[in-house]
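Trainee: how would this look folded up:
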Amino acid sequence: MRISHIFLGLTLFLLAFFASPSTGKAELRVGDIHAFWDGPFAVIQPEIFEPFTPETRKTLHSGMPVGIQIELKLVRTGFVKEKEVRVKVQYNIWNEKFIVITEHTSVPFNSYGEVLNYFENDFRILIAFDEFPKRGEWLIRMRAGERRVFDDEDKSKPIESIEQDLRGIARWLFKRGATEDSYCDWSDYIKLLPEEKEETR
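Mentor: Reported below is the predicted structural model:
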């Protein structure tokens, strides 16, 4: 059952939480961002540093999935488009492997260091050509925040409903962990140039 999986993960999280003290709050940062066209997709390639606080890393290592929530603003004269992207990160406590899951890819890793390197150097957001209502140059900015993701099926399920399904210590831990997303500041605007997009028409 889904709830039993949540309870198991939260129980493991409790053990991890009390086993070691907090080392302070990590600061998620977005570094340089590059934007270009690759076939039918606009590619947004940001540098994401320190994606998870120590507390969220403990949740991750307990086997509970966590995530990064990304907000994008795409702007040109007369148009503003907003887009949200959720990236799920999970650790398998049995084979000690990590996996990063996006809308378009699922990438395995052998260590948390490899996960950090991926977000700093290789992570990409793909936006389909058809999502842009107009031709021409676009300005893009983004921000990102850490987020605990309990299950794919819970994306549209109200937090209050999940909480009511839990009992005892699992409910207490859920309330402790189900905080608001903690976002970094918005990045500066970067340009997505139109040349390749024009050629795909």
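
Trainee: next, residue 104: secondary structure please.
Mentor: Counting by DSSP: H, G, I helix; E, B strand; the rest coil, the backbone at residue 104 sits in coil.

Trainee: equivalent analysis for residue 51, please.
Mentor: coil.

Trainee: for residue 118, the count of nearby residues, please.
Mentor: Using other CB atoms under 10 Å, residue 118 has 17 other residues around it. (Glycine included, C-beta is placed from N, CA and C.)

Trainee: who's in contact with the residue nearest to it when sequence neighbours are not counted?
Mentor: Sequence neighbours aside, residue 100 is the residue nearest to residue 118 in space, at 6.3 Å (criterion: CB to CB, 6 or more residues apart in numbering). For residue 100, the contact set (CB atoms under 8 Å, 6 or more residues apart in numbering) comprises 87, 88, 89, 106, 107, 109, 115, 118, 123.

Trainee: just the element for residue 100, please.
Mentor: strand 97-101 (DSSP states H and E).

Trainee: one more: residue 46?
Mentor: strand 41-49.

Trainee: from residue 132, how far off is the residue nearest to residue 118?
Mentor: The gap separating residue 100 from residue 132 is 26 Å, by CB to CB, to the nearest Å.

Trainee: next one: residue 93
Mentor: Residue 93 is 42 Å from residue 132, by CB to CB.

Trainee: counting contacts, what elements does the strand or helix carrying residue 31 pack onto?
Mentor: Assigned by DSSP H and E, residue 31 belongs to strand 29-38. Using 3 or more CB pairs under 8 Å, 6 or more residues apart in numbering; DSSP states H and E, the elements in contact with strand 29-38 are strand 41-49, strand 138-148, strand 190-192, helix 195-199.
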